[in-house]
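# Turn this into a model:
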Amino acid sequence: MSEKIAGLKKKFIEIYGGEEADLRVFASPGRVNLIGEHIDYCGGYVFPAAITLDSTVIARKRTDRTIRLAATDLPDRVAASLDHLEDGKSLKWGNYQLGVADELQKAGYKLTGVDMLFHDTVPLGSGLSSSAAIQLATAITLVTLGNEEHKISIPIDNVQLAVISQRAEHNFIGVKCGIMDQFASAMGRKDQAMLLDCGTLNYKYTPLKLDGYRIVLANTKKKRGLGESKYNERVSETSEGLAILKQFLPEKVHLCDVTIEEFEKYKEKIIDPIIRKRVEHVVYENARVLKSFDALQSNDLKTFAVLLKEAHASIRDLYEVTGFELDTMVEEALKVEGCIGARMTGAGFGGCTVNIVKEANVEDFIKIVGEKYSQKTGLTPEFYVCDIGEGSREII
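Got it, this is the predicted structure:
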């Protein structure tokens, strides 16, 4: 048993009592989206990878219908009945977990009462999908223990858990997110990135061979709440763009079904310049994802790096979800020797950038970018040299 897990089990006993022998351990990771931003809810391709920052749950079955939640870094304690989960919508912390439990039951899963202690190493508000990590860690815990309690031997379907967790975010939290975050957290694979078609949920993996380079995540420390941001506004704008184009391309189901050639042919039909810009980003970004997958399959890091730069310019100028902090972080990163590509990752309005940095230059990169960024923004950033990890699982 690792020191980390041993310490978490002791903390669990301090909070809930009982014996360590009864405890189970589950985890689900955050994710970095290498490229393909704000197109998952448009049915596009995305290119995420699970990271080794995660949400770990120490759990124990109860004999009643009560879920109790605690976290190592928060004073909050939550107790809720599995028969009255709607009451948890107004919670500041615990609503994500109870939302998942609610949707699991609506989908037909038989659950049991559980005590859970959460330990999260995915920074909140970082754009690395801490919420999806919490959702999927909750889902894998509740389904595993519920199946055992009710003697259900059907294998757990992580794809279904991702879809249910997305549904919880829509219905319980009120954020109309795409499927990428939950899918990457559920289905991540060590040392591999995933090309996911968000329209069909078809996916395939490719080894992430960086050959002397590392992925460095730079956290701007500019917090943003998705529900309070312009995220839902962008969802609405792209829906409006699709509705306009469907007048001329009625067979299109998702905005990302529109090709570059079709967009160029009909773009003048989108009268509102704001809507046109949003659609242009989505259509061209979808094409960049496919080019990026091909580049990494061919170990062509230079082409991939160029695509990262193009992606940031598009999300900045056409989709307008970056802001001063993210743009400053990217600008300063690209000035440092050894950094061949950089862009924002996540929903934007704060959070992280993803950078491809030569391994020999990583230490200097962190020092130089950190100093320059702090001088310009007054914020102290955090950096994570990223490894690619496993998806949702029980830790035996």
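# Okay, buried residues for the strand ranked longest in the chain please.
The longest strand of the chain (DSSP state E) is strand 48-61. By neighbour count on 16 or more other CB atoms under 10 Å, the buried set for strand 48-61 is 48-60. Just so you know, the C-beta spots here come from the backbone N, C-alpha and C atoms, and that holds for glycine as well.
# Help me confirm that V122 comes into contact with L136.
No. Using CB atoms under 8 Å, V122 is not in contact with L136; the gap is 11.3 Å.
# what about those two, which has more around it?
Set V122 next to L136 and count neighbours by other CB atoms under 10 Å: L136 wins out with 34 against 23.
# so how many other residues sit close to the residue nearest to that one when sequence neighbours are not counted?
With CB to CB, 6 or more residues apart in numbering as the measure, S28 is the residue that lies nearest to L136, at 3.7 Å, once sequence neighbours are left out. Residues lying near S28 (other CB under 10 Å) number 33.
# tell me the phi and psi of S28?
Backbone torsions for S28, taken as degrees, to the nearest 10, come to phi -150, psi 140.
# what's the answer for S81, then?
Dihedral angles for S81 - degrees, to the nearest 10 - are phi -90, psi 140.
# now do D197
Here is the backbone geometry of D197 (degrees, to the nearest 10): phi -90, psi 110.
# what's the pLDDT at it?
We have a pLDDT of 96 for D197.
# Quick one: distance of the helix or strand where A162 lies to the chain centre.
Following DSSP states H and E, one finds A162 within helix 158-168. Taking CA atoms, centre = their mean, to the nearest Å, the mean C-alpha location of helix 158-168 is offset from the chain mean by 13 Å.
# do the same with stretch 234-254
With CA atoms, centre = their mean as the basis, stretch 234-254 stands 25 Å off its chain's centre.
# Kindly report the same for stretch 260-270.
With CA atoms, centre = their mean, you get 31 Å for stretch 260-270.
# same check, this time on stretch 41-54
Stretch 41-54 sits 6 Å away from the centroid of its parent chain (CA atoms, centre = their mean).
# From here on, call the first residue 714.
Happy to do that; since the first residue is 714 now, the last one works out to stretch 754-767.
# Could you check how many residues crowd around Q1088?
By other CB under 10 Å, the residues close to Q1088 number 10.
# My error: substitute I748 in the last question.
29.
# Enumerate every residue touching it.
759-760, 998, 1001-1002, 1005, 1020-1021, 1024, 1056 (CB atoms under 8 Å, 6 or more residues apart in numbering).
# Surely L1021 is in a helix?
Yes. Assigned with DSSP: H, G, I helix; E, B strand; the rest coil, L1021 falls within a helix.
# hmm, back to that, what's the average pLDDT for the longest strand of the chain?
96.
# Which SSE is immediately downstream of it?
As assigned by DSSP H and E, the chain's next helix or strand after strand 761-774 is strand 779-784.
# Now that next one: buried residues?
So for strand 779-784, counting by 16+ other CB under 10 Å, buried means 780-784.
# about what we covered before: out of the contacts of I748, which are inside strands?
759, 1056.
# before we move on, the earlier item: give me the common contacts of V835 and L849.
Listed as contacting both V835 and L849 by CB under 8 Å, 6+ apart are S768.
# Which stretches in this protein count as helices?
Using DSSP state H, the helices assigned to the chain run over residues 716-729, 808-819, 843-862, 871-881, 893-900, 944-959, 973-979, 986-1010, 1014-1030, 1037-1047, 1075-1090.
# which residues sit in contact with F1006?
Contact analysis of F1006 by CB under 8 Å, 6+ apart lists 758, 760, 908, 919.
# ok, the third one - how many residues close by?
Counted with other CB under 10 Å, the burial measure for L908 works out to 22 neighbours.
# do you know how far it is from C1065?
21 Å (CB to CB, to the nearest Å).
# Tell me if I'm right that S866 and T857 touch.
No. Counting by CB under 8 Å, T857 is not a contact partner of S866; they are 12.0 Å apart.
# Look at those two and report which has more neighbours.
More neighbours surround T857 than the other of S866 and T857, with 18 against 6 (other CB under 10 Å).
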